[in-house]
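Q: model the structure of this input:
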Amino acid sequence: MLDELKEEEIVNKVGGRFKLSTLIQKRMVALNTGARPLVNVPGGDKLATVVAEILEDKIFLDVAGELQSRNTTATANIAGNVFGPQRSAPMPTVQATDAD
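A: Residues are numbered from 1 along each chain as shown. As a prediction, this is how the structure comes out:
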């Protein structure tokens with residue numbers, strides 16, 4: 001485990017252990033689904049990347065508990081949505097017919 005996670009600084013920075021856990025989990029999902037890191041960490045360890053992003057104030061949880069970035073240009077990348085907003089195709093309408 002990273003030594004930074006044992007320190008109270010990171011816990012206090014995000015507002016508690018549960019928020020820290022949620023922030024780490026959401027950012028790890030984003031990184032695992034293709035989001036680009038906001039900091040450069042030697043070795044490419046994703047957990048170390050997330051911890052560095054938190055300590056450098058690059059990411060945070062908003063009041064709704066959603067992952068956000070302090071850098072507006074990185075906000076689209078933060079949630080792992082690297083391909084833009086997801087849109088589903090409209091559902092085809094089905095017409096009822098008489099089967100007599």
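Q: this protein: strands as residue ranges?
A: For the chain, the strands defined by DSSP state E occupy 59-61, 67-69.
Q: now for the last one, which elements pack on it?
A: So the one you mean is strand 67-69. Counting contacts by 3 or more Cβ pairs under 8 Å, 6 or more residues apart in numbering; DSSP states H and E, strand 67-69 packs against helix 17-32, strand 59-61, helix 75-78. The C-beta positions use only the backbone N, C-alpha and C, and glycine is treated the same way.
Q: point out the most buried one among those.
A: Looking across the helices and strands packed on strand 67-69 with neighbours counted as mean count of other Cβ atoms under 10 Å, the highest average goes to strand 59-61: a mean of 20.
Q: follow-up on the earlier one: how about the strands of the chain in TSV, adding mean pLDDT and distance to V41?
A: Shown next, in TSV, are the strands of the chain (pLDDT from 0 to 100; distance: least, Cβ to Cβ, whole Å):
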stretch	mean pLDDT	distance to V41
strand 59-61	92	14
strand 67-69	89	17
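Q: among those, which is nearest K13?
A: strand 59-61 (8.6 Å; Cβ to Cβ).
Q: other SSEs contacting that closest one?
A: helix 17-32, helix 46-55, strand 67-69.
Q: low-confidence ranges in this protein?
A: 1, 71-100 (pLDDT under 70).
Q: quick one on the thing from earlier: can you list the helices and strands packed on strand 67-69 in TSV and add distance to K46?
A: Shown next, in TSV, are those (distance: least, Cβ to Cβ, whole Å):
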stretch	distance to K46
helix 17-32	5
strand 59-61	13
helix 75-78	14
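Q: just the buried residues of stretch 46-54, please?
A: 47-54 (16 or more other Cβ atoms under 10 Å).
Q: isn't V11 up against R17?
A: Yes - using Cβ atoms under 8 Å, V11 is in contact with R17, at 5.6 Å.
Q: hang on, the earlier thing: from the buried residues of stretch 46-54, pick the one nearest V29.
A: Among these, V50 lies closest to V29 (Cβ to Cβ), at 10.4 Å.
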